[in-house]
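In: Fold the stuff below for me.
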Amino acid sequence: MTMVLKPLVLLGALLLLERARAEDSGTCGQEEVCGIPCPEDNPTPNIGSASSNIGYGIAVAVFAGISCLIGLATIFFVKGKAENFFVAGRSLPLWIVVPTLAAQSLDSNALLGNVDLGYKFHFWDGAVLPLGLGLSLVLNGIFLARHVNNDEVLTLPDIYAKRYGKVVEILISCICITSFLFLLAGNLVGMGVIVGYLFGIDNDVGSIWISMIVILAYTVCGGLFSVAYTDLFQSAVGWLGCLTLAFWAIKNEPRAPPPSIGFPGYIYPDLIGEGGVCDMYNGVPCDNNATLCCYNSENEPIADNGAYPIGDVPKFSDQMTNPYSLTPFPNAIFFNWCTIFVLAFGNLAALDFQARCMASKSARIATIGCIVAGCLTFMVGIPFGYLGAIVRYYFGPDSVYATFEPNTCSALLGLPTCGLWVPENGAFLQYLTNIAPSFLGGWCLIGIFAASMSTADGAILAMGTVLSNNVLRHLKCHCVTRDNLLKAARYATIPFGVLAAVIASTRPNQTGYLLIVAFDITLATAVVPLFGCFYAKKPRPAAAFAAVCTGVIVRIILEFTLPKDSSLVLPYSGDEFLDFGPAASAKAPLFVDAPAEEVWNPEEEPCDQERFADFTGADSLGAAFCSLTVFLFMQFLERNKPIEESWLCKRRAFRPYKPKPKPPPEDGEIPEHSVKSFGWLQNYSMRASAISASLRSSIAKAATDAEGDDDVMEITNDTTNRSGGDLDDIKESADNDDAQFKEEE
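Out: Okay, here's the model as predicted:
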């Protein structure tokens, strides 16, 4: 063992000395150690100077300014009413609901993060983000949207309060706020990356704070009105720009890096006459082994590091079914499936999605809006993911901008040094500003920035409304009442913007990561009780409380007990799932034509590689499964108990919330809230809005005059019973509920 370690220690010291000497001489470590040319400086922007993207920055700033003006103008729609601020007066038509829902899913994570992950790894590593988000909207439309709209509440935690009581309401509120802090932080990261890149701000943290201030300014004014109408403008401009660029690039650009042409002494993976890469580049017999095919020095010299012996493809069709589809690189197949599951189901408890369902004019609009918005997410996000391979062609390991870590080796790649490629930060933004046509690149930049704005403003609004309506209103100081609820909601958005900016500042370059964290939280805790609200025969507060607590505890335990090495890759067998080791030898790689004694021999100088072992994703699924199991178990135990005898319900804080009833109907009028609550009247079009005032008065008068007529009374009572009971019974029930409500208060 000592005989092996000593050469490695000496080699490591040599690499450090070579790197220091390279810095002094103006070269780089990968050139001195590995013979790979130093990465070139970034290309010149299409607009502006060589050191600035100010032209693109001005375009984005103008767009952001217009969005702010639209948002500020909507302050007149609020009219001082909390319902207008929270849910836009429940007035949004389908043509606004669809884009504002899709705008929440198509954020910087689904666009910028999508391409970044596809560039660094491969297509499905990024495409799982829009796939999971779009699937969530479809599932929400199928299972939840109509129920959420029919509940006529102001916030998502109100739904839990009506079934599970105040304690569960506050727990869910805190969980959802925490989740959305990470969602907002993820979008601030995306906006900060764009602002910092375009305006030359070296400090990414500063650009994150600038973005937060811009979003906060107009969201505070108009609430959901400002969010909805700015979403409409932002989506109309942004989606079209992103789609236009994506399809232009797919048609006109190289869709993926081709087989490497190599460099002098590079050995091709096939032989002369086989019709493969060797013949494609007119390869010649190698000097040291004439049976092999080597690089032809008569080829026009280009930058090439031999990173793709057989070439790359835009998408591997079996990446989501075969762990070894990306050989010789690992495939994070399990984590990708977990990402889809977490986003698809965790997003069902998203405050912004459900706020738009509440704001829809009807349950039908909410349902259709979710499904159409989900399809739009697929249509925009998945084609956009193909840009990852195109960016890898220009800024990948075979480009002039490629950077490698000298002190890394890989036996499977045949590299004793410089085994690890270091992806270029902001490579996609460089593609948009330096390589794509200037108009399309700027349009797409505006689209990505718009996507970030549309989700960020919705997240800030959602957290502010939930804190004021579902947490602060329960304080004994009564500092938040119905009269000052609107003002409290506006003030509450400010600290959340600040907290999210702090979180974003800790990970200023990691787009996509914070999105998964956000909905991992809700999946483990809030989703199961939400389904229970609408699909359990008698939702039990004890079941919901136990499910939430179980999800939190199990998620925390698994976070710190499961093996995690930050690779997001399970420990499958095979050399593909070995991590890069420290530099093993100073000799030439296995694919270089050189005398045998100058070529690395892995058996004599092994590359010390450890197997990947990261079970990230199992913790998310495990916590959700335990939450579901506990909820079903508690529901089963209490299946025969009336709600009054349910566990925990003897304590006032766990009793289902009974809102103060609306004023009883007058002059025989069918109340609007009763019409929406009973399907018979809705199905047969007997809505209060469809019956004229004079006709309702006539019906009431006829019923009064015919108190002694059994036939008439039979018809009248049949009608009122189908709508929830006789009108006198409704009044009596409302009075009783009102008395109970005042007594509890």
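In: so what's residue 97 up against?
Out: 356, 359, 360, 365, 366, 369, 373 (CB atoms under 8 Å, 6 or more residues apart in numbering). (C-beta placed from N, C-alpha, C; glycine too.)
In: The second one: neighbouring residues, count only.
Out: As a burial measure, the neighbour count of residue 359 was computed by other CB atoms under 10 Å and equals 26.
In: Which pLDDT value belongs to it?
Out: pLDDT recorded at residue 359 is 86.
In: now swap in the fifth one and tell me
Out: What the model reports for residue 366 is a pLDDT of 95.
In: Looks like it contacts residue 145 (just checking).
Out: Yes: at 4.1 Å, residue 366 counts as touching residue 145 under the criterion of CB atoms under 8 Å.
In: Now the common contact residues for those two.
Out: In contact with both residue 366 and residue 145: 357, 360, using CB under 8 Å, 6+ apart.
In: returning to that earlier point: between the contacts of residue 97, which is nearest residue 646?
Out: Nearest to residue 646 among the contacts of residue 97 is residue 366, at 30.5 Å by CB to CB.
In: for the host helix or strand of the closest one, packing partners?
Out: Remark: residue 366 resides in helix 363-384, with elements defined by DSSP states H and E. For helix 363-384, the elements it packs on are helix 94-105, helix 114-120, helix 123-143, helix 145-150, helix 204-252, helix 351-359, judged by 3 or more CB pairs under 8 Å, 6 or more residues apart in numbering; DSSP states H and E.
In: swap the cut-off to 10 Å and go again
Out: Helices and strands touching helix 363-384, by 3 or more CB pairs under 10 Å, 6 or more residues apart in numbering; DSSP states H and E, are helix 94-105, helix 114-120, helix 123-143, helix 145-150, helix 204-252, helix 351-359, helix 438-466.
In: What's the first helix or strand after that helix?
Out: helix 387-395.
In: gap between the helix or strand following that following helix and the chain center?
Out: Using DSSP H and E, the helix or strand that follows helix 387-395 in sequence is strand 403-405. Offset of strand 403-405 from its chain centre (CA atoms, centre = their mean, to the nearest Å): 30 Å.
In: ok, now stretch 629-643?
Out: Offset of stretch 629-643 from its chain centre (CA atoms, centre = their mean): 34 Å.
In: gap between the two ends of it?
Out: 21 Å (CA to CA, to the nearest Å).
In: Name the residues of it that are buried.
Out: Neighbour counts over stretch 629-643 (16 or more other CB atoms under 10 Å) mark 630, 631, 634, 635, 638 as buried.
In: What of stretch 95-107?
Out: Those buried within stretch 95-107 under the rule 16+ other CB under 10 Å are 96, 97, 98, 99, 100, 101, 102, 103, 104, 105, 106, 107.
In: Output it as CSV, nothing but the C-alphas.
Out: Extracted in CSV, the C-alpha atoms of stretch 95-107 (Å, rounded to 0.1, in the frame of the first residue of the first chain):
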residue,chain,number,x,y,z
TRP,A,95,-58.1,33.1,-21.4
ILE,A,96,-56.4,34.6,-18.3
VAL,A,97,-56.4,31.5,-16.1
VAL,A,98,-54.5,29.4,-18.7
PRO,A,99,-51.5,31.7,-19.2
THR,A,100,-51.3,32.6,-15.6
LEU,A,101,-51.2,28.9,-14.5
ALA,A,102,-48.7,28.0,-17.2
ALA,A,103,-46.6,31.0,-16.3
GLN,A,104,-46.2,29.6,-12.8
SER,A,105,-44.9,26.3,-14.0
LEU,A,106,-42.7,27.7,-16.8
ASP,A,107,-40.2,29.5,-14.6
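In: sorry, back to before: can you lay out the contacts of residue 97 as CSV showing distance to residue 263?
Out: Putting the contacts of residue 97 into CSV (distance: CB to CB, whole Å) gives the following:
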residue, distance to residue 263
356, 55
359, 60
360, 61
365, 61
366, 60
369, 55
373, 50
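In: out of these, who has the most neighbours?
Out: Busiest of the contacts of residue 97 [other CB under 10 Å] is residue 356, holding 32 neighbours.
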